[in-house]
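[1] requesting a structural model of the entry that follows:
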Amino acid sequence: MLMSNRDRIARLHYMPYSFRVLQAGDHVLCAVTGQRIALENLRYWSIARQEAYASADASVQAELKARGAR
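    Residues are numbered from 1 along each chain as shown. Model prediction:
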């Protein structure tokens, strides 16, 4: 039986300007909002924290939180 990648969370390795798929899937979850992000719509992530973000605003929120935790 073939497994579909639909409705499966992908596991990614985030790099500058791109990401590598470690485990197949069709989406990831935003680390801040929990929102589902289709891989073709993924634009924001943190290389240092290896997290995906649904928007630029979510990315800024994560950065401010990380700086406050130091």
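[2] so where do the helices sit in the chain?
    56-68 (DSSP state H).
[3] report the central residue of it.
    The centre of the chain sits closest to Ala52, judged by Cα atoms, centre = their mean, with a distance of 2.2 Å.
[4] ok now do it, which residues does it touch?
    Taking Cβ atoms under 8 Å, 6 or more residues apart in numbering, we find Ala52 in contact with Leu12, Tyr14, Val28, Leu29, Cys30, Ala31, Ile37, Leu42, Tyr44, Trp45. Placement of C-beta: from N, CA and C, glycine included.
[5] do the same with Ala38
    So Ala38 contacts Asp26, His27 (Cβ under 8 Å, 6+ apart).
[6] how far away is it from Ser55?
    14 Å (Cβ to Cβ, to the nearest Å).
[7] who's in contact with the helix or strand of the chain at the bottom of the mean pLDDT ranking?
    None of the helices or strands of the chain scores lower by mean pLDDT, DSSP states H and E than helix 56-68, at a mean of 95. Residues outside helix 56-68 that contact it (Cβ under 8 Å, 6+ apart): Cys30, Ala31, Val32, Thr33, Tyr44, Trp45, Ser46, Arg49, Glu51, Tyr53.
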